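Asks: Pasting the sequence and the predicted model now:
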Amino acid sequence: PAPSEVPASLQSHQVRIAGEDELQAVARLMLDVFAPESPAAPALLPFMTSLLEANQRTARAAAAGRLAAELSQRVAVGSTIFIAAEASVPADGAEG
């Protein structure tokens, strides 16, 4: 679309290739969007609730690590992962 057709909120962003160091963040975002955390279970026993929450955090971190490793493997065989990032503006304020 022409720049005038793109909402102003999106004009400050650009699409670029994700760096290897950004794949973990991409994996966490993918999990947040496509597999959001389930709501808290009813508190039967307070200590059980804290154990359940700790287990869920650990499982989610492990899932993000596995997904990041898979994304890295895909990049290694030729896939490209794109991300939307805030457009950088040169120090002089002129857009290029």
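Replies: It's in. Residues are numbered from 1 along each chain as shown.

Asks: Report the buried residues of the helix or strand residue 58 falls within.
Replies: Using DSSP states H and E, the element containing residue 58 is helix 46-76. Across helix 46-76, burial judged by 16 or more other C-beta atoms under 10 Å covers 64, 67, 68, 71, 75. C-beta here means a position set from N, CA and C on the backbone, and glycine is covered the same way.

Asks: Mind putting these into CSV with pLDDT?
Replies: Shown next, in CSV, are the buried residues of helix 46-76 (pLDDT from 0 to 100):
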residue, pLDDT
64, 95
67, 96
68, 96
71, 96
75, 95
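
Asks: partners of residue 13 in the sheet?
Replies: residue 86 (DSSP bridges).

Asks: show me what contacts it?
Replies: 84, 85, 86, 87 (C-beta atoms under 8 Å, 6 or more residues apart in numbering).

Asks: Phi, psi for the first one please.
Replies: Read that as residue 84. Taking degrees, to the nearest 10, you get phi -100, psi 130 for the backbone angles of residue 84.

Asks: Can you tell me the element the residue nearest the centre of the chain falls in?
Replies: The centroid of the chain falls nearest to residue 29 when counting by C-alpha atoms, centre = their mean (2.4 Å). Using DSSP H and E, residue 29 maps to helix 23-34.

Asks: what's that helix packed up against?
Replies: If contacts are counted by 3 or more C-beta pairs under 8 Å, 6 or more residues apart in numbering; DSSP states H and E, helix 23-34 sits against helix 46-76.

Asks: Remind me what the helix it packs on packs against, helices and strands.
Replies: helix 23-34.

Asks: Averaged pLDDT, the helix it packs on. What do you get?
Replies: Average pLDDT, helix 23-34: 93.

Asks: Residue 47 and residue 53, how far apart?
Replies: 11 Å (C-beta to C-beta, to the nearest Å).

Asks: same deal with residue 18?
Replies: Counting by C-beta to C-beta, the gap from residue 18 to residue 53 is 30 Å.
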